[in-house]
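Enquirer: Sequence plus predicted model, see below.
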Amino acid sequence: VDLGDQLLVRIDEGDCMEVIGNLLDNAFKYGKSKLRISSWLTDQTKIMIAIEDDGPGLKPDEIEKILDRGTRLDEVSEGQGIGLAVVADIVKSYDIETNFDESRFGGLKIVLEFQLS
């Protein structure tokens, strides 16, 4: 965990819990043994929050699929396949940019970009 002492972003507490909770749940579910959540401030205009793991990661075409409600790539784990679709809906409503990339551990890295103003 590498989060600032005071991390203030504009989002309803319940919505924030839903977004961060879903992303952490997936990182725990698909990661092997490493998970990192971090935050940083960029040029005084944005707060970035990143969640990354050491799981199998996702290909770009898989990212598009998982953001659709009810679509699952993994049919073995529990769940209805709506977690990331809910995350996508919530972040869109707050105009939070979401970026998917490869983590430093080889798995998936998801970065949420919050505007300060």
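Expert: Thanks, I have the structure now.
Enquirer: mind showing which ranges of the chain have poor pLDDT?
Expert: For the chain, the stretches with pLDDT under 70 are 66-82, 117.
Enquirer: For it, which segments count as strands?
Expert: 35-42, 46-53, 97-102, 108-115 (DSSP state E).
Enquirer: Just the angle for the shortest one relative to strand 108-115, thanks.
Expert: Here strand 97-102 runs at 160 degrees with respect to strand 108-115, directions being taken by axes from the mean of the first three to the mean of the last three Cα atoms, to 10 degrees.
Enquirer: What strands flank strand 97-102, and is each parallel or antiparallel?
Expert: If you go by DSSP bridges, strand 97-102 pairs up with strand 108-115 (antiparallel).
Enquirer: Return the strand it pairs with as PDB; C-alpha atoms alone will do.
Expert: C-alpha atoms of strand 108-115 as PDB (Å, rounded to 0.1, in the frame of the first residue of the first chain):
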ATOM      1  CA  LEU A 108      -3.000  -6.100 -14.700                       C
ATOM      2  CA  LYS A 109      -2.600  -2.400 -13.700                       C
ATOM      3  CA  ILE A 110      -5.700  -0.300 -13.600                       C
ATOM      4  CA  VAL A 111      -5.300   3.500 -13.100                       C
ATOM      5  CA  LEU A 112      -8.100   5.800 -12.100                       C
ATOM      6  CA  GLU A 113      -7.500   9.400 -13.000                       C
ATOM      7  CA  PHE A 114      -9.400  12.000 -10.900                       C
ATOM      8  CA  GLN A 115      -9.500  15.700 -11.900                       C
END
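Enquirer: Any buried residues in it, and which?
Expert: Under the neighbour-count criterion of 16 or more other Cβ atoms under 10 Å, strand 108-115 has Leu108, Lys109, Ile110, Val111, Leu112, Glu113, Phe114 buried. Heads up, the C-betas are built off the backbone N, CA and C, glycines and all.
Enquirer: ok, now stretch 27-37?
Expert: Buried residues in stretch 27-37 (16+ other Cβ under 10 Å): Ala27, Tyr30, Gly31, Leu35, Arg36.
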